[in-house]
Structure formats: structure tokens, C-alpha cells
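>>> no FASTA, just this:
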């Protein structure tokens, strides 16, 4: 089984497999080294019309010329595949050549196989290199791929070799029209797909990148945050339902710390330490990015930590706050927004935006310090908040100009 093995090709008939008309099927046989395989040609012939020594139909018989031309085409096709394998430096065997000729190459990868391979890998690394939310996003993306294949092509899987630029464009169109996803959601799903395709390319399972000519970008969206007045209204809200009070307090805590939902949910006493200034700090590694996030604890946040020291609904006595699912938390936040007359789609991530804008930037905290506390890998991510604050300043000054006229 090597690149320079000799290829021998011949034709034969199988009399023991003759049909009702007495015609025997014709097989093509080829061998490499000591390995031999046979493939049916799909043609049959009366054994009396077959020349076993020359491995072809007797030329004087009716239809022999056309049949022999067909057999020559098959033989030349096998030689062509063999030549291509030699050029590529492939390891060659009779079985591999047969698979190549039939279009069912050994170990031929499919999109779903590679996606599942990728997802299994990152699932094993969950908590080490990947956050749970990241793993879930790739599982969701795979589910969308399966739905797309059934919707667009009426198939359950597709060979990697069939992935072209048109496949990517169709996939993008599917998200925007069928799934009703906006530009940025579509971008993120395609980004996940691209990572899996790159994995296939690096493993040499795919020669050409279907994303090579594909271009798209995120559309910058307005980052909502609470103003100082809105935050105070929420803090001062009198609540009769304990669940709403807990949710309000967890949200406000995030407004004064900048922690994401998952990081607040996982926060324990172990994360509360004495910092270099002798005061209490939150010291942790962000679940999403695995980057350090070290935050001095403001008085408002400290008061909330003390409030829930003995709360019975905490997962363990070491946790700082009771736990809610992100979905439930956001549902309760919408109730709180109504009760506080805050005309915004209140979600937990707005608390993080509020910390970056109203609590820190608006009070003169340098952008570099904010970036460090938020655990951003790139300061450009934090600079988006600076733009938001500048827009607010511009609007406020415009109002002032109108008053001074």
C-alpha cells in the first residue's frame, strides 16, 4: 500500500450469477500489490459472446463495439483516479482506489460529523477553556444547521466537499428570513460555523474554504443603561413580593460591581478579599472569557452583601446571593421596570452597562480602570461605553443651549 504500486486492471464475467436470459454480469477487477477488488459494471453479456483471454466482447458480435468502448471508459476512469492519487501523494490501496472511483472515499467527513466532533471537544473542556454558555451556543448552532439542511436540501447531513460559497449565503439567508434573526445574531451563528469549518481545514478534511469570499460585520447597537435617576428609583422601590426584592437587589449589586449574571450567580465568600488598599475587593476570573476581574467593593454593593449573609435561599452558605435562572431573572426585571416606571427593556446585562457608564465613566473613572474591572480583553470593547456617555453629554448640552437662548 504505497504511492508507486503497480495497478493491474481486467474484466471478467460471473457465469454463476447469470440472469434468466442466460447473460452473465461483467465485472471490472483491479489489483494493487496483493490486494484485489471487483466492481460490477452494470452490464451483462451472453458468455458465448465474451472473449476471456482479451477480457472484452467478441468484436464480431452485435453491440460488441459499443460495449467495449464503455468498458474502456471505465478502465480509463480508474487510471485517472489512480494518477490523481499518485499526484496528491496519497497512500494507495485497491480498496481506497475503489472507494475513490465509486465516490465514497474512506473516512469522508460530513458537516454534522465535524460539528459534533467539535462540540464534544469543547464540552470536555467546559469549565477549563470554555464557559457553559459557549458550549450551549455551539449546541444551538448545530441544531440550526440540522434544521437548515432539512429545510433547504431535504437531507440530514452533507459531505464537507459539497460546502461552497453558495451554501454559506443560503445559510445566512435562512437565518434572516426563516428564523427571523437580526444581523448581529446571524453574524454570531455564522461565526460559530466558521470556527468549525476552520477546524476541518486545519485537519485537512476540507481543501477549500467556503467562507473565503464571505464578508459581513456586526452592526453597532445602542447599549442601554440606567441613568442615575432611574437607578435611584429602582433602589428606592418599595416591594411587597420577596422574590422581586431579591432580584432587584442582585441587579443593583451588578450595577455597582459590573459583574455579569453568571459571575454574580457563582459569587462566593472566597471571592471577597482584602485588596492592596486594605479595603474589600471582589477577585474572580470571568466565567465567559476566563480573564481576571478585580473590583473594589463600593458601599452600596457591600450593604447588599451583608443583607444576604444568612438568607435561606442561597445554594450554599458560601454563596453571596440566592440563585435564579437568567430567564426568570429577566422576566422579573420587566416587572420591576413597570413598577419603577422605567421605560426600558430591562435585562440583567443593562446592570453591567450601567456600571460602565453611570457609576464609573460619568464619575471620572479612567477607561483603563473600567476595562480592567469589567475583565475586557481589549480596551476597545470598553471604549464603546465612552462613546455612549459622550452622546449623553451631547444631548444634555443641546438641551442646555436651548434653555440659554
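Yep, that arrived. Here the structure is a predicted model, which is why all the values come from computation and not from measurement. Numbers count the residues shown, from 1 in each chain.

>>> residues contacting the helix or strand containing residue 338, please?
In this structure, residue 338 sits in helix 326-339 according to DSSP states H and E. Identification of contacts with helix 326-339 by CB atoms under 8 Å, 6 or more residues apart in numbering yields 234, 237, 239, 243-244, 247-248, 250-251, 261-262, 324, 342-348. Just so you know, the C-beta spots here come from the backbone N, C-alpha and C atoms, and that holds for glycine as well.

>>> average pLDDT for whichever helix or strand comes after that helix?
Of the helices and strands lying after helix 326-339 in sequence (DSSP H and E), the nearest is helix 349-354. Summarised as a single mean, pLDDT over helix 349-354 is 92.

>>> pull the residues that contact the next helix or strand after helix 349-354.
Downstream of helix 349-354, the first helix or strand assigned by DSSP H and E is helix 367-374. If you take CB under 8 Å, 6+ apart as the criterion, helix 367-374 is touched by 258, 293-295, 352, 355-356, 360-361, 379, 381-383, 385-386.

>>> again, but for stretch 271-286
Against stretch 271-286 from outside (CB under 8 Å, 6+ apart): 257, 259-260, 263, 266-267, 291-297, 302, 305, 320, 375.

>>> please pick the buried ones from the contacts of helix 367-374.
258, 293, 295, 352, 355, 356, 360, 361, 382, 385 (16 or more other CB atoms under 10 Å).

>>> which members of the contacts of stretch 271-286 are positioned in helices?
Residues of the contacts of stretch 271-286 located in helices (DSSP state H): 263, 302, 305.

>>> next up, the contacts around the first one.
Under the criterion of CB under 8 Å, 6+ apart, the neighbours of residue 263 are 284, 286, 287, 293.

>>> and the third one, how close does it get to residue 131?
Going back to what we said before, that points to residue 287. Going from residue 287 to residue 131 by CB to CB, to the nearest Å gives 5 Å.

>>> joint contacts of those two?
Any residue near both residue 287 and residue 131 by CB under 8 Å, 6+ apart counts here, and that gives residue 262.

>>> so which of the two has more stuff around it?
Taking other CB atoms under 10 Å, residue 287 and residue 131 do not tie; residue 287 has more neighbours (20 against 17).

>>> please report the distance of that one from residue 265.
Separation of residue 287 from residue 265 (CB to CB) stands at 9 Å.

>>> any weak-confidence spans in the stretch 301-405 of the chain?
Residue ranges of the stretch 301-405 of the chain with pLDDT under 70: 386-393, 395-396, 400.

>>> ok, the stretch 1-150 of the chain next?
Residues of the stretch 1-150 of the chain that meet the cut-off, pLDDT under 70, sit at 1-5, 104-107.

>>> domain boundaries for the chain, per the record?
Domains of the chain are assigned by automatic domain parsing as 7-102, 111-202, 228-404.

>>> out of the ones you listed, which gets nearest to residue 216?
domain 111-202 (5.6 Å; CB to CB).

>>> ok now that closest one, how far from the chain's centre?
5 Å (CA atoms, centre = their mean, to the nearest Å).

>>> equivalent analysis for stretch 68-88, please.
The answer for stretch 68-88 is 40 Å, by CA atoms, centre = their mean.

>>> what's the answer for stretch 324-342, then?
29 Å.

>>> hmm, back to that, okay if I get the domains of the chain as a markdown table plus distance to residue 215?
Compiled in a markdown table, these are given as follows (distance: least, CB to CB, whole Å):
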| stretch | distance to residue 215 |
| --- | --- |
| domain 7-102 | 31 |
| domain 111-202 | 11 |
| domain 228-404 | 20 |
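
>>> between these, which gets nearest to residue 222?
Here domain 228-404 is closest among these (CB to CB), at 7.8 Å.

>>> does residue 340 touch residue 234 like I think?
Yes. Residue 340 is in contact with residue 234 according to CB atoms under 8 Å; the separation is 5.0 Å.

>>> what's the first-to-last distance across stretch 264-274?
End-to-end distance of stretch 264-274 (CA to CA, to the nearest Å): 19 Å.

>>> closest to residue 401 out of the buried ones among the contacts of helix 367-374?
Proximity of these to residue 401 was ranked by CB to CB; the top entry is residue 361 with 22.7 Å.

>>> quick revisit: now which of the contacts of helix 326-339 would you call buried?
Of the contacts of helix 326-339, these count as buried by 16+ other CB under 10 Å: 234, 237, 239, 244, 247-248, 250-251, 261-262, 324, 342, 346-348.

>>> which SS state does the residue of the chain positioned farthest from its centre fall under?
Most distant residue from the mean C-alpha position of the chain: residue 60, 63.6 Å away (CA atoms, centre = their mean). Classification of residue 60 using DSSP: H, G, I helix; E, B strand; the rest coil returns coil.

>>> switch to numbering from 474
Right, with 474 as the first residue, what we last looked at is residue 533.

>>> got the contact list for it?
Per CB under 8 Å, 6+ apart, neighbours of residue 533: none.

>>> for residue 739, same thing?
757, 760, 792.

>>> how many neighbours does residue 599 have?
When neighbours are counted by other CB under 10 Å, residue 599 registers 14.

>>> from residue 520, how far out is the closest residue to it other than its chain neighbours?
Closest residue to residue 599 apart from its sequence neighbours, by CB to CB, 6 or more residues apart in numbering: residue 608 at 5.1 Å. Using CB to CB, residue 608 is found at 63 Å from residue 520.

>>> ditto for residue 562
From residue 562 to residue 520 the distance is 42 Å (CB to CB).
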